[in-house]
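Participant: Please find the sequence and the predicted model below.
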2 protein chains.
Amino acid sequence: MTLTPSVPKWPWCTRRRHRLIPPTTALTRTSGSRTLPSSKDEVRCKVPQQELLQLLEELKPASAAETAEATSVIGIGLDSCVIKTRHKDIFLVQTTDFFYPLIDDPYIQGKIAAANVLSDLYAMGVTQCDNMLMLLALSMEMPADARKVTTSLVMKGFRDACHEADTSVNGGQTVLNPWMIVGGVASSVAAKGEFIEPAHARAGDVLVLTKPLGTQPAVNAHQWLHTNAFQRVQDVITPEEAVAAYRMAMHSMARLNRNAAKLMHECGARGATDVTGFGLLGHARNLAEAQDEQVDFIIDSLPVIAKMPAVNSKFNFKLLDGFSAETSGGLLVVLPPDQAERYCAALQEMDGIPAWTIGRVVKGNNTASLAPDVKVEEVHTPQLFN
Amino acid sequence: MTLTPSVPKWPWCTRRRHRLIPPTTALTRTSGSRTLPSSKDEVRCKVPQQELLQLLEELKPASAAETAEATSVIGIGLDSCVIKTRHKDIFLVQTTDFFYPLIDDPYIQGKIAAANVLSDLYAMGVTQCDNMLMLLALSMEMPADARKVTTSLVMKGFRDACHEADTSVNGGQTVLNPWMIVGGVASSVAAKGEFIEPAHARAGDVLVLTKPLGTQPAVNAHQWLHTNAFQRVQDVITPEEAVAAYRMAMHSMARLNRNAAKLMHECGARGATDVTGFGLLGHARNLAEAQDEQVDFIIDSLPVIAKMPAVNSKFNFKLLDGFSAETSGGLLVVLPPDQAERYCAALQEMDGIPAWTIGRVVKGNNTASLAPDVKVEEVHTPQLFN
């Protein structure tokens, strides 16, 4: 598979940090004490993509000899890098991600951080993480007591999610920093066949999504709840509905994509990606560009957390354009047409939560787009928790 | 090997962040514009060890069943963790480290960050890193132009050190943060025999150190140069000597311990550790505690960067007590007595820089101490660069 220049080789440059609550307030606030971060704050916390792409040039091999050495790297790392090792048919698949807290429940925040890192392995069809390193910065701006309590809970959540994933944390690094940071490094030593190159979509295949969209508006609407900012959406969503959406988003972000990865093997998936900072369509485009065959991805429906289209109508997160950023989003899986129904049914059986056939693969030019008559399907809490 | 409770299982809690120059100033300042960080600043940037140890409890397995699962972790990870994989006789050896810039040359800072992470693999006798992930936070407090220039140089230095180590950077994560952060994750998929358990010291063995001590006072004295703070040491060191010491420290921190690791295999090393935040004696104690046999380590001499004992006499870094923190320090290698001379000669031949026999292994109680008549040997620039 050849990566076109527009597909960044480094997974990190496909990651936009879309939410940044200064963590000292996010993790310790009680209701009402927090105002909405200004858009300036939000912008300031992202590395401008152009700046990042320029910087990444610095990491490219300096010489032809070095380029030759670098052939041990398999260029399929949309979500994780895959490295040939010195051992026959043994590969190192690994990924790292870290970010700032985005919700006010530190235990669930820890679970989300672990699920988010692991998801990059799962998108490659890797189901067993052999080791997790934890990356942590404690907030020096947080009072000592609050820091202790919140950090403990973040670590507990991180550990529990790793345990659920049948792996454990062995190693890491901790520093003090103005803001809290939480993340990890997930690694798997995988044999050939234990990972799936995300490159084999064929016209006629279908696209399945394993989690609903809309975590960003859900987290924001909840953040606005006890501030003046909620006024901007109170015509379209009740406080109770905002809380329900937030809970659904937290549950969804903390849920592992591991069963989704296991089923990729059983159902002959042609490849997958996980939906994070670029939103569904951004990641669908990256995946489309990475295909061996000349295909396009057409998105026919958008399963979104209930009431989020209404919130989006008051504050445009680009949710209905397919570009609302997600944290620890679902897998977008390319499946043979006769396998999608089986895949969704099996995942519902294993996780107790639905997956959705949302699109199709057609002949094309390696891009992705929404169908002109794209349908928006609101996902209600009872659907997820009944 | 059984780890005693006082040897932290997680490598990260043996890492003290001993130097923290707020990076926006550290990387962009011109001479004279920077004042010495107050001791309060320095203290604030370390995670108090007690707090960290308590927090790490959160990562311990929650149940007996989980403990059983965790047996795939080999408890020898003084510097790196070593994980049994599902593949026969194949282990994942990995480590992570990140910190804030500590010198004002961004290119060399990048090299030091890479050398520092790799050193944890080398201390385990692992000579081949299969992949490096880069961890990076760009300083949002730094003006855009300065940020671009300095970050580029840090990344170039990091890449070049990885190239020198015969590995490359494939993946990572980048965020914006108040302070710059630079570090990485080094991983090796190693067969049995490609790493050396640091547990087999015997009475009669000798201790070799591969880099001189004193990087912390050298970096500080240089930082003080154009400030009032230099007054406190100007009776004992000239500005030219301070610059020479700083250069020796930079060169030493940026130098890979890779040849030192290769020679561990050739000379039948019984184990090693790398000297970083706890200082020589701190790490020697951790290593002594990790030994299978009941032995003590006695340090007979301290090779230190020239003039640093004098600086230490004016501002106590605990250099002569063996506790001055190092960044990317040397390996402390336990060797059979008949191999030390050969090891030092071969390393001098390969790296062009001396190593020193600094101590011995005697029967004891798994601790380490300085000999009552410990000798201080000042290492001068010509010794390193002739």
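Facilitator: Sure thing, it's come through.
Participant: For the residue nearest to A:Val376 when sequence neighbours are not counted, what is the enclosing helix or strand?
Facilitator: Spatial nearest neighbour of A:Val376, chain neighbours left out: A:Leu302 (5.1 Å); criterion: C-beta to C-beta, 6 or more residues apart in numbering or on different chains. All C-beta atoms are positioned from the backbone trio N, CA, C, and that covers glycine. Using DSSP states H and E, A:Leu302 sits within strand A:295-305.
Participant: That strand packs against which elements?
Facilitator: In terms of contact count using 3 or more C-beta pairs under 8 Å, 6 or more residues apart in numbering or on different chains; DSSP states H and E, strand A:295-305 is assigned the packing partners strand A:206-209, helix A:215-224, helix A:239-254, helix A:279-289, strand A:356-363, strand A:368-379.
Participant: Give me the mean pLDDT for that strand.
Facilitator: For strand A:295-305, mean pLDDT is 98.
Participant: gap between it and the chain center?
Facilitator: 17 Å (C-alpha atoms, centre = their mean, to the nearest Å).
Participant: ok, now stretch A:146-161?
Facilitator: Computed by C-alpha atoms, centre = their mean, the chain-centroid distance of stretch A:146-161 equals 21 Å.
Participant: in that stretch, what's buried?
Facilitator: Using 16 or more other C-beta atoms under 10 Å in any protein chain shown as the test for burial, stretch A:146-161 gives A:147, A:150-161.
Participant: out of those residues, what pair is the most spread apart?
Facilitator: A:Arg147 and A:Ala161 (21.2 Å; C-beta to C-beta).
Participant: re the thing from before, how about the strand holding A:Leu302: buried residues?
Facilitator: Taking 16+ other C-beta under 10 Å as the criterion, strand A:295-305 shows A:295-299, A:301-305 as buried.
Participant: which among those gets closest to A:Leu287?
Facilitator: For those, the residue nearest A:Leu287 by C-beta to C-beta is A:Phe297; the value is 7.1 Å.
Participant: would you list every one of the strands in chain A?
Facilitator: Residue ranges of the strands in chain A, as given by DSSP state E, are A:73-74, A:81-84, A:90-99, A:131-139, A:169-177, A:181-191, A:206-209, A:271-274, A:295-305, A:331-335, A:356-363, A:368-379.
Participant: Is the second one positioned near chain B?
Facilitator: Yes. Strand A:81-84 comes into contact with chain B (C-beta under 8 Å from any C-beta of the partner chain), by way of A:81, A:83.
Participant: in its sheet, what does that strand sit against?
Facilitator: Its sheet considered, strand A:81-84 pairs with strand A:73-74 (antiparallel), strand A:90-99 (antiparallel) by DSSP bridges.
Participant: to the chain's geometric centre, what's the distance from that strand?
Facilitator: Distance, stretch centre to chain centre, for strand A:81-84: 20 Å (C-alpha atoms, centre = their mean).
Participant: export that strand as CSV, just CAs?
Facilitator: Provided in CSV are the C-alpha atoms of strand A:81-84 (Å, rounded to 0.1, in the frame of the first residue of the first chain):
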residue,chain,number,x,y,z
CYS,A,81,2.6,1.9,13.6
VAL,A,82,3.5,-1.6,12.6
ILE,A,83,7.2,-2.5,12.7
LYS,A,84,8.8,-5.6,11.3
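Participant: Pick out the residue of the stretch 101-250 of chain A closest to chain B.
Facilitator: A:Met155 (3.8 Å; C-beta to the nearest C-beta).
Participant: Can you name the residues that contact the residue lying closest to that residue once chain neighbours are set aside?
Facilitator: Among residues not flanking A:Met155 along the chain, B:Glu58 sits closest, at 3.8 Å (C-beta to C-beta, 6+ apart). Applying C-beta atoms under 8 Å, 6 or more residues apart in numbering or on different chains, we find B:Glu58 in contact with A:152, A:155-156, A:159.
Participant: Chain B contacts on the stretch 151-300 of chain A?
Facilitator: Going by C-beta under 8 Å from any C-beta, the residues of the stretch 151-300 of chain A near chain B are A:151-152, A:155-156, A:158-160, A:163, A:166, A:168-179, A:181, A:183, A:185, A:187, A:189, A:191.
Participant: Drop anything exposed from these.
Facilitator: Buried members of these, scored by 16+ other C-beta under 10 Å, are A:151-152, A:155-156, A:158-160, A:163, A:168-179, A:181, A:183, A:185, A:187, A:189.
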